[in-house]
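model this:
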Amino acid sequence: MIQVPTSAPKDGVDLSDGSGSPLNKAENSLEEREKKNSSRRVKDVEISVPIVYGTIAFWLGRKATESQSHKWTVYVRGATNEDLSVVVKRVVFQLHPSFNNPIRVVDSPPFELSECGWGEFEIAISLYFHSDACDRKLDVFHHLKLYPLEQSGPQSTKKPVVVESYDEVVFPDPSELFLARVQNHPAVVVPRLPAGLELPPSEADELLKLAAARQQVQAHIVKLRRQMSMVEGSSGTADPASAF
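Presented below is the predicted three-dimensional model:
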């Protein structure tokens, strides 16, 4: 469980131009109300956003070269494929310095990118939230795996290596504007597998089932940790409210 610090209310800014016109006053009044809604907190409420981040890697087979043996995709998504854009504004992926433009910015879902290469390395992933949710970024790290832990027989172009992590991002005492947006957001589901990935239906189903099973185990671990934290009295008395 990752608890995101509550954004501190910012000082108001005088947007008037001194003209005193009714139109300017109305615009300023509307902006002031929006600012109040974005800074006014709902006490004893938590918004919990389950996320999954990881990589899926394919061996290129006969197309493999010494410098490009695998195609892989790194991603951040909702735990059950929900659209995270209601909470996440952008995601920044920091790749190995050997890549051209190693810092990649994704401003819209799906929050993912694909590349080709030959080596395994750690990817830094930074999540930036909408201003009414949190004004601080969240950094997580993921190790790109190209080869299965237990290799039996030759590599296959049809059996990808999937490694992903499950966690829950918790926003305590959310702003009224943020809470309302989350509650009114439709359940938009984005594709589970990366764009352009073609697998026979049976193998795709098997891949998704294995990923879902691992996710359930990790979710159970997160739940146990949270229960232990509550027993120790470190989580306060807030009532969790799921974002999805």
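
who's in contact with Ser88?
Heads up, residue 88 is Val, not Ser. 76, 111, 127-130 (CB atoms under 8 Å, 6 or more residues apart in numbering). Every residue, glycine included, has its C-beta placed from N, CA and C.

show me which of the residues you listed is closest to Asn184.
For the contacts of Val88, the residue nearest Asn184 by CB to CB is His130; the value is 14.0 Å.

next step: the contacts of Val88 restricted to strands.
Of the contacts of Val88, the ones assigned to strands by DSSP state E are 76, 111, 127-129.

tell me where the chain has strands.
Under the criterion DSSP E, the chain contains strands at 2-3, 45-59, 70-78, 88-94, 103-106, 111-117, 122-129, 138-143, 161-172, 239-242.

and these as CSV, adding distance to Phe178 and mean pLDDT?
As requested, the strands of the chain are exported to CSV (distance: least, CB to CB, whole Å; pLDDT from 0 to 100):
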stretch, distance to Phe178, mean pLDDT
strand 2-3, 15, 74
strand 45-59, 7, 90
strand 70-78, 17, 95
strand 88-94, 12, 97
strand 103-106, 21, 98
strand 111-117, 19, 96
strand 122-129, 9, 98
strand 138-143, 15, 96
strand 161-172, 7, 89
strand 239-242, 11, 53
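
before we move on, the earlier item: just the buried ones from the contacts of Val88?
Those of these that meet the buried threshold are 76, 111, 127-130, by 16 or more other CB atoms under 10 Å.

which one of these is nearest Glu120?
Distances from Glu120 to the buried ones among the contacts of Val88, taken by CB to CB, are shortest for Val76, at 19.2 Å.

spit out the contact partners of the closest one.
51-53, 84, 88, 91, 111-112, 125, 127.

in CSV, list the residues you listed along with distance to Val4.
Below are the contacts of Val76 laid out as CSV (distance: CB to CB, whole Å):
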residue, distance to Val4
Ile51, 12
Val52, 17
Tyr53, 15
Leu84, 14
Val88, 11
Val91, 15
Phe111, 17
Glu112, 22
Ile125, 15
Leu127, 9
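
what's the burial count for Met179?
To be clear, residue 179 is Leu; Met isn't right here. A count of nearby residues for Leu179, using other CB atoms under 10 Å, gives 21.

in contact with Arg104, which residues?
Listed by CB under 8 Å, 6+ apart, the contact set of Arg104 reads 92-95, 113.

can you report how many residues neighbour Lys63?
The local packing of Lys63 (other CB under 10 Å) involves 11 other residues.

how close does it get to Thr157?
9 Å (CB to CB, to the nearest Å).

now swap in Val4 and tell me
Separation of Val4 from Thr157 (CB to CB): 40 Å.

thinking again about what came up before, of the contacts of Arg104, closest to Phe121?
Scanning those for proximity to Phe121, where the rule is CB to CB, the winner is Leu95, at 7.7 Å.
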